[in-house]
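1. Provided below for reference: sequence and predicted model.
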Amino acid sequence: MTAGTSALPQSFAGEDTPPPHVPLWLLALFTFSGTLAMHIFVPALAMAGRDLNAGNGAMQMTVSLYIIGLAVGQLIYGPLSDRYGRRRVLMAGLAIYTVAGLAAALAPQVYALIAARLFQALGGCAGLVLGRAMVRDTAAPSEAAKRLALMNLMVTVAPGIAPIVGGALAASLGWRAVLFVLCLLGVVNFVFAWRLLPETGVAVARITAATLLRHYRQLLASRVFLGYAIGGGCATTSMFAFVASAPFIFVDQLHRPADEVGLYLAVLVSGVWLGSVVTTRLISRVPLERLLVGGNALSAVAALVLLAMVSLGHVAVAPIVVLMFFYTLGAGVAGPTALTLAVSVNPYVIGSASGLYGSIQMAVGALCTALAGLGPSPALATALVLAGSGVIGQLSFWVASRGRTPG
């Protein structure tokens with residue numbers, strides 16, 4: 001399997017008709033909705049637990065199973081969209097997201113809420129997969145990377161504002177109001193998809209279990225795809241390790257007030273945002289491979305400096321925040337370029353590639369988060385995870401570049 005990085009996908013290759021125009025804000029909204037539902041409910045967990053007479057562990061499952069749903073669902077939507085087209089599959093996912101949001105808002109007990117949240121994730125991840133695939137459907141790789149970076153700018157708003165909005169809704173209207181808002185968002189998205197979204201893909205083959213397995217087997221057998229996918233996960237979702245550890249680092253180790261943690265995490269969002277801005281400026285002048293490696297190198301260096309500083313016992317708020325800013329700045333550059341190169345490996349299965357890439361990303365993020373929770377020092381464990389991710393990311397990108405066919 002060779003990289004097809006110089007032309008549009010099969011859907012529009014060789015045709016005189018230009019690919020359909022899809023508003024980028026619309027794709028960003030679909031993508032934004034899936035991740036928003038993960039972050040916005042966190043501030044309401046304690047309130048919901050008291051109302052449903054559920055323990056912290058059970059309430060935490062409403063978040064952890066949501067992440068699992070995002071990972072698993074992405075493996076399904078990509079191949080289905082390659083067979084049936086992007087628009088119909090996306091609308092089906094949005095319908096599931098909406099109905100599950102209503103079920104979650106009306107859940108009478110915690111296990112019903114957990115199940116509804118799982119289905120909400122399975123519906124919401126349709127936007128994550130198909131938003132990316134639609135960008136790649138309608139643009140050549142260099143332009144796709146630029147559009148993905150712009151979309152990333154919009155989507156990174158979610159983790160920044162979601163906890164604030166969720167907390168305000170829960171405090172003023174109750175925890176169920178958060179879930180009703182997500183249900184309403186699903187209705188709005190479905191109407192927008194129905195009225196504004198054109199079809200960007202072409203049904204290429206009858207999908208069967210054997211076909212699905214063959215697509216994934218081909219992608220997993222490609223060291224080019226695996227290099228970009230694993231490296232992309234190391235470059236981006238590895239930051240989940242810091243997000244999960246931040247309260248323990250700043251509050252427990254550094255004795256800062258709990259309400260400051262949100263401000264420090266906002267720095268991460270600003271780093272990703274600025275990195276995406278840089279990518280949109282450089283994408284037409286710098287080769288994708290160089291931009292990818294350079295962005296991740298910045299993250300790796302920042303993580304290695306952080307590891308050295310923590311190992312020597314110099315743990316302080318300012319240097320940690322500054323170094324994490326540079327880490328996420330590099331992630332903002334590497335993320336859209338890694339994704340563009342990964343889904344361009346085989347233009348015949350862009351949807352499958354997008355879904356598998358996203359699932360691998362989530363798996364890497366979950367692994368990094370789990371590893372950061374080991375050991376007595378959250379700062380040291382997190383620094384080790386981030387430094388290791390930076391190095392593994394560079395090695396993965398090197399493997400991918402060695403396997404590409406020139407041209």
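-> The structure has been received and is ready for your questions. Residues are numbered from 1 along each chain as shown.

2. for the host helix or strand of residue 297, C-alpha coordinates in PDB please.
-> Using DSSP states H and E, residue 297 sits within helix 288-311. Written as PDB, here are the backbone C-alpha positions of helix 288-311 (Å, rounded to 0.1, in the frame of the first residue of the first chain):
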ATOM      1  CA  LEU A 288       4.200  18.300   5.600                       C
ATOM      2  CA  GLU A 289       6.900  15.800   6.800                       C
ATOM      3  CA  ARG A 290       9.200  18.600   7.900                       C
ATOM      4  CA  LEU A 291       6.300  20.400   9.700                       C
ATOM      5  CA  LEU A 292       5.300  17.100  11.400                       C
ATOM      6  CA  VAL A 293       8.800  16.200  12.600                       C
ATOM      7  CA  GLY A 294       9.500  19.800  13.700                       C
ATOM      8  CA  GLY A 295       6.300  20.200  15.700                       C
ATOM      9  CA  ASN A 296       6.800  16.900  17.500                       C
ATOM     10  CA  ALA A 297      10.500  17.700  18.100                       C
ATOM     11  CA  LEU A 298       9.400  20.900  20.000                       C
ATOM     12  CA  SER A 299       7.100  18.800  22.200                       C
ATOM     13  CA  ALA A 300       9.800  16.200  22.800                       C
ATOM     14  CA  VAL A 301      12.400  18.700  23.800                       C
ATOM     15  CA  ALA A 302       9.900  20.500  26.200                       C
ATOM     16  CA  ALA A 303       9.100  17.100  27.800                       C
ATOM     17  CA  LEU A 304      12.700  16.100  28.200                       C
ATOM     18  CA  VAL A 305      13.500  19.400  29.900                       C
ATOM     19  CA  LEU A 306      10.500  18.900  32.100                       C
ATOM     20  CA  LEU A 307      11.700  15.500  33.000                       C
ATOM     21  CA  ALA A 308      15.200  16.700  33.800                       C
ATOM     22  CA  MET A 309      13.800  19.500  36.000                       C
ATOM     23  CA  VAL A 310      11.500  17.300  37.900                       C
ATOM     24  CA  SER A 311      14.200  14.600  38.400                       C
END
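
3. in it, what's buried?
-> With burial defined by 16 or more other Cβ atoms under 10 Å, the residues of helix 288-311 counted as buried are 288, 291-293, 295-307, 309-310. (C-beta placed from N, C-alpha, C; glycine too.)

4. residue 288 versus the residue lying closest to residue 294 once chain neighbours are set aside, what's the distance?
-> Leaving aside its sequence neighbours, residue 294 sits nearest to residue 333 (Cβ to Cβ, 6 or more residues apart in numbering; 7.0 Å). The gap separating residue 333 from residue 288 is 11 Å, by Cβ to Cβ, to the nearest Å.

5. same thing with residue 188?
-> Computed as Cβ to Cβ, the residue 188 to residue 288 distance reads 34 Å.
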